[in-house]
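**Q** return atomic coordinates for the entry below.
(3 chains)
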Amino acid sequence: MLGLARALVGKILVHATPDGIAAGRIVETEAYRGPEDLAAHSANGRRTKRTEAMFGPAGRAYMFLLYGTSWAFNVTAGALDHPHAVLVRALEPLVGHDLMARRRSLTPERRELTNGPGKLCQALALDRSHYGACLVSSPLFISDGISGKVGRSPRINIDYAGVWAQRDWRFYERDNRYVSVAPRS
DNA sequence: TGAATGATTTACT
DNA sequence: GTAAATCATTCAA
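**A** Numbering: from 1, shown residues only, chains lettered A, B, ... in the order given. You can find the predicted model right below:
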C-alpha cells in the first residue's frame, strides 16, 4: 500500500483524448488505507456509491468531486473488498503543455498547471466519466518512469482524522517545483 | 425530501 | 493571510 504510493512517484500518467495527448510525471501521492484509516472515504468499511470503486479490483481510477469545484484522481489498490487507494496530488507536465494550458486557462510554463489534485484533473480533462476506468487498457493509463529522491510527510488537509493525520503517508519527489506543498526547507 | 459536508481552488485584503 | 464558491454524495427525517 505505502509501497504502491511510493512506487507511483516518478511514473507517467497519460490521457489520450480527441483533443490530443496530455501526460505528466507523478511527483506527489498520498496513501489512503481503508477501512481502518479514518482519513479515507472508505473509513470503517463505508461502502457507498462513491467509494464503490475502491472495493473493486486494483489498478482502476477512483474519481470524486470536492467542494463542488474540483475533481480528484486516485488509483485503487488492495485486493477485492480491501478499499485502499492512492491519491495523485501533483504532476510534472511532460506532453501536451499547450493543451493543458488551454484547459487551465494559464500559460504553459506556470507550475499552477498541475500542482494540485483538482488542477491536474482539469489539465488532463479527468472527471466522473473516468470513474472506475481500468488504467491498463483505457485511453487513461500509467506508464513506467524514473523518479528522483522521494521524500515523506504527513498528508495534506485531513486534520479532522486525528492521529491518522500524523502518519507520513504522503510521498513526493524532492526538489520538484510541481509538488503542491513545499517540504520544509 | 431536505440539510450538511468536504483528500480544493481561486480571488481578494 | 482569509473567505467564498459550488454540487454530488451522504445522512437524517
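**Q** pLDDT weak spots in chain A?
**A** A:184-185 (pLDDT under 70).
**Q** change it to 90
**A** For chain A, the stretches flagged by pLDDT under 90 are A:1, A:34, A:181-185.
**Q** how about the residues of chain A by DNA strand B?
**A** Neighbours of DNA strand B within chain A, by CB under 7 Å from any atom of the strand: A:30, A:32, A:39-42, A:62, A:65-70, A:72, A:74, A:85, A:87, A:104, A:112, A:116-119, A:122, A:156-158, A:160, A:180. No exception for glycine: its C-beta is placed from N, CA and C like everyone else's.
**Q** where exactly do the strands run in chain A?
**A** Secondary structure of chain A (DSSP state E): strands located at A:12-17, A:20-33, A:61-66, A:70-77, A:84-95, A:140-143, A:150-153, A:170-173.
**Q** among those strands, which comes closest to A:Glu52?
**A** Comparing these against A:Glu52 with CB to CB, the closest turns out to be strand A:61-66 (9.0 Å).
**Q** one step back: near DNA strand C too, which of the residues of chain A next to DNA strand B?
**A** The subset of the residues of chain A next to DNA strand B within reach of DNA strand C, counting by CB under 7 Å from any atom of the strand, consists of A:65, A:67-69.
**Q** most neighbours out of the residues you listed, which is it?
**A** Across those, the neighbour count under other CB atoms under 10 Å reaches its highest value at A:Leu65, namely 14 neighbours.
**Q** right, and it touches A:Leu126 too?
**A** No. With contact defined as CB atoms under 8 Å, A:Leu65 does not count as touching A:Leu126 (11.3 Å).
**Q** where do the contact lists of those two overlap?
**A** Taking CB atoms under 8 Å, 6 or more residues apart in numbering as the criterion, A:Leu65 and A:Leu126 both touch A:Trp71.
**Q** and for A:Thr48, the neighbour number?
**A** Applying other CB under 10 Å, we find 9 other residues in the vicinity of A:Thr48.
**Q** any idea how far it lies from DNA strand C?
**A** For A:Thr48, the distance to DNA strand C equals 3 Å [CB to the nearest atom of the strand, to the nearest Å].
**Q** A:Pro83 versus that residue, what's the distance?
**A** In this view, A:Thr48 and A:Pro83 are 11 Å apart by CB to CB, to the nearest Å.
**Q** then A:Gly96?
**A** Computed with CB to CB, the distance linking A:Gly96 and A:Pro83 is 32 Å.
**Q** one step back: okay, the ones next to DNA strand C among the residues of chain A next to DNA strand B in JSON lines with distance to A:Thr17 next?
**A** Formatted as JSON lines, those follow (distance: CB to CB, whole Å):
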{"residue": "A:Leu65", "distance to A:Thr17": "20"}
{"residue": "A:Tyr67", "distance to A:Thr17": "25"}
{"residue": "A:Gly68", "distance to A:Thr17": "24"}
{"residue": "A:Thr69", "distance to A:Thr17": "21"}
